[in-house]
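# 3D model of this:
(one chain, ligands or ions: 2)
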Amino acid sequence: MIRYDSQTALVIVDVQNDFADPAGGLYVGDGGAVVPVINEQIAAARAAGAQVVYTADWHPESTPHFAKDGGIWPVHCVADTWGSEFHPDLVVDGPVVRKGSNGEDGYSGFSMRDPQTEETTPTELASMLRDWGVSRLVVTGLATDHCVKATALDGLSGGFSVHLLRDAVRSVDLEDGDGQRALAEVESAGGTLG
Ligand code: VGL
Ligand code: ZN
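Numbering: from 1, shown residues only. Ligands and ions are numbered 1, 2, ... in the order given. Next up, the predicted model:
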C-alpha cells in the first residue's frame, strides 16, 4: 500500500471516456481497468489527509494536435463532449486542471505548449500543489507513454518527488514497448515505481 500524508498529492491524469472507454476516440487498451484501482487510492489518500487532483485533456474541435488538422492524434477529448467527461465510475473528489483548451498540444498536467510558437505556459497545477504544501506526488492515469510520463517528468523537474503507480496506468503503445520505456524514463529521472 502506498503511504499518503498531508504533503502528498494523488495526481489522476486524464481518466476520460475517450481514453478509458472502448468506444472512445483514443482508447487506451484496458484503460478502464485503472478506475477501480484509482478509486481505492482516492479513498486511501483522503483518509490520510492527502490532496487529490485531476487533469483533463481538453481540446477545441480543431487543433494541430489532431491528425485531421496536421497533428498525429485521432480526435479526442473535445471540450464538453462525452469523450472529455471523466469515466462514469471514477470518483471525482478534488479540483480539475484542464489542459489544451486554447489548442495547445502539450501532454503534461503542468504545462501547455502552443503548437504555433512552441511557447510553453504553466497550468495552475504547480501553484496549487505549492499552496497545499505538497512535496510528493503519486501519479496515476492515462496514458503512461504520453500525459502520465510528461506529468511525472515535469513533477520531478519541478522539485517534487514522484511515485508512479504501475497498476493504475495504461499505455497507448503507438510503438511496441512505449509504455515500458516511459516507466524506465521516469525511473531514471528519479521517480519510483510501485
Ligand atoms: C494523451 C495523446 C494525446 C494522454 C493526450 O492523455 O496521454 N495522449 N492527448
Ligand atoms: Zn490530447
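
# Run through the bridge partners of the spatially most central residue of the chain.
Taking Cα atoms, centre = their mean, the centroid of the chain lies closest to residue 13, which sits 2.2 Å from it. On the basis of DSSP bridges, residue 13 is bridged to residue 55, residue 141.

# can you give me the helices for this structure?
17-20, 34-47, 125-131, 149-157, 178-188 (DSSP state H).

# which one of the ones you listed has the most crowded surroundings?
Stretch with highest mean neighbour count among the helices of the chain: helix 17-20 (a mean of 26; mean count of other Cβ atoms under 10 Å). C-beta coordinates here come from the backbone N, C-alpha and C atoms, glycine included.

# And for that helix, what's in contact with it?
Outside helix 17-20, the residues that touch it by Cβ atoms under 8 Å, 6 or more residues apart in numbering are 23-28, 31-32, 34-35, 57, 76-77, 82-88, 142-143.

# if we look at ligand 1, which of those are close to it?
The subset of the contacts of helix 17-20 within reach of ligand 1, by Cβ under 6 Å from any ligand atom, is 57, 142-143.

# Can I get the residues you listed in a markdown table including pLDDT?
Shown next, in a markdown table, are the ones next to ligand 1 among the contacts of helix 17-20 (pLDDT from 0 to 100):
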| residue | pLDDT |
| --- | --- |
| 57 | 96 |
| 142 | 98 |
| 143 | 97 |
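
# of those, closest to ligand 1?
Ranked by distance to ligand 1 (Cβ to the nearest ligand atom), these are led by residue 143 at 3.6 Å.

# Next, count neighbours for that closest one.
27 (other Cβ atoms under 10 Å).

# Would you pull up how far the worst-scoring helix or strand of the chain on mean pLDDT lies from the middle of the chain?
Taking mean pLDDT, DSSP states H and E as the measure, the chain has strand 111-113 as its least confident helix or strand, at a mean of 87. For strand 111-113, the separation from the chain centroid amounts to 13 Å (computed by Cα atoms, centre = their mean, to the nearest Å).

# List of residues touching it?
99-100, 102, 104-106, 119-123, 154.

# try stretch 71-81
By Cβ under 8 Å, 6+ apart, stretch 71-81 touches 14, 16, 18-19, 24-26, 56-61, 63-68, 83-84, 98, 100-101, 105, 115.
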